[in-house]
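K.L.:
okay, here's the prediction I keep looking at, along with the sequence it came from:
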Amino acid sequence: MRELLTDGDVTSARLVVNPERLVVAEARRTFTYLSLFGYHVDAVIANRILPAELDHPWLAQWRTTQTAHLDVIADAFAPLPLLEAELANEEVVGTLALSLFAKNLYGDADVAARLSHTEPFRVDASGDGLLLSVQLPFTERDDVRLGRTGDELVLTVGPHRRALVLPDSLARRSVGGARFVEDRLVVEFV
């Protein structure tokens, strides 16, 4: 099952986030941990956006706050596409309601198509060495612990630990160092 869920050609996830401070923080953590374990995230859906036609002074502060949070979401999750879903006037239940919701959210795009292609893990050649690149968005250097036991690279981010079984091309090499490049941890094998 894990092989199927981490195969980016078959499966990807979309994060759904309401434009609220705590929800955005939780979505950021979720994205980090999904990446750590090799799951592909291809888009972010901002849900429950106040419709433009609701122009009432009582809602002005809420709209201002939502706009600020939407800016944070767009910046934080870039380059992932950001889709926006308006607040529905009733609960979205049933096939017809879900189809209408999808049409409003995706337009004519194929809802099952992969919307972006960022790889959680990548191995690249660099001179005589190889670089293992792991996507770890929203992670600071001090949050990461890296170790090696035999053919496994042990990567700990906050409370989550992942033992990566290294392919032969990396297992027979030594770790030469590690650094962050944007939102990716790059481990050099020499």
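P.N.:
Okay, I see it.
K.L.:
and the residue nearest to the spatial centre of the chain, how close does it get to Val157?
P.N.:
Nearest to the mean C-alpha position of the chain, counting by CA atoms, centre = their mean, stands Phe31 at 3.7 Å. From Phe31 across to Val157, the span is 12 Å (CB to CB, to the nearest Å). No exception for glycine: its C-beta is placed from N, CA and C like everyone else's.
K.L.:
skipping adjacent residues, who's closest to Ala13 in space?
P.N.:
If the residues on either side of it in the chain are set aside, Ala13 comes closest to Val41, at 5.1 Å by CB to CB, 6 or more residues apart in numbering.
K.L.:
doesn't Ser35 make contact with the one you found?
P.N.:
Yes: in this structure Val41 lies within contact range of Ser35 using CB atoms under 8 Å: 7.2 Å.
K.L.:
list phi and psi for the residue in the chain sticking out farthest from the centre.
P.N.:
Here the centre of the chain is the reference, and by CA atoms, centre = their mean the most remote residue is Pro57, at 35.3 Å. Main-chain torsions, Pro57, degrees, to the nearest 10: phi -60, psi -30.
K.L.:
how close does it get to Val186?
P.N.:
51 Å.
K.L.:
which residues in the protein form strands?
P.N.:
13-17, 41-49, 82-86, 121-126, 129-135, 144-149, 152-157, 160-165, 175-181, 184-189 (DSSP state E).
K.L.:
in its sheet, what does the fourth one sit against?
P.N.:
Looking at strand 121-126 with DSSP bridges, its partner strands are strand 129-135 (antiparallel).
K.L.:
do the last one as well
P.N.:
Take DSSP bridges as the rule and strand 184-189 pairs in its sheet with strand 129-135 (antiparallel), strand 175-181 (antiparallel).
K.L.:
and these, which is most packed in?
P.N.:
Counting by mean count of other CB atoms under 10 Å, strand 129-135 has the highest mean neighbour count of those, with a mean of 20.
K.L.:
re earlier: now the strands of the chain as TSV including distance to Val92?
P.N.:
Output for the strands of the chain, formatted as TSV (distance: least, CB to CB, whole Å):
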stretch	distance to Val92
strand 13-17	12
strand 41-49	10
strand 82-86	9
strand 121-126	35
strand 129-135	31
strand 144-149	39
strand 152-157	34
strand 160-165	32
strand 175-181	40
strand 184-189	36
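K.L.:
quick one: closest of the ones you listed to Leu5.
P.N.:
strand 13-17 (8.8 Å; CB to CB).
K.L.:
quick one: mean pLDDT for the longest helix seen in the chain?
P.N.:
Longest helix in the chain, counting residues (DSSP state H): helix 60-77. The average pLDDT for helix 60-77 rounds to 93.
K.L.:
which helices and strands does that helix pack with?
P.N.:
For helix 60-77, the packing partners by 3 or more CB pairs under 8 Å, 6 or more residues apart in numbering; DSSP states H and E come out as helix 21-36, strand 41-49, strand 82-86.
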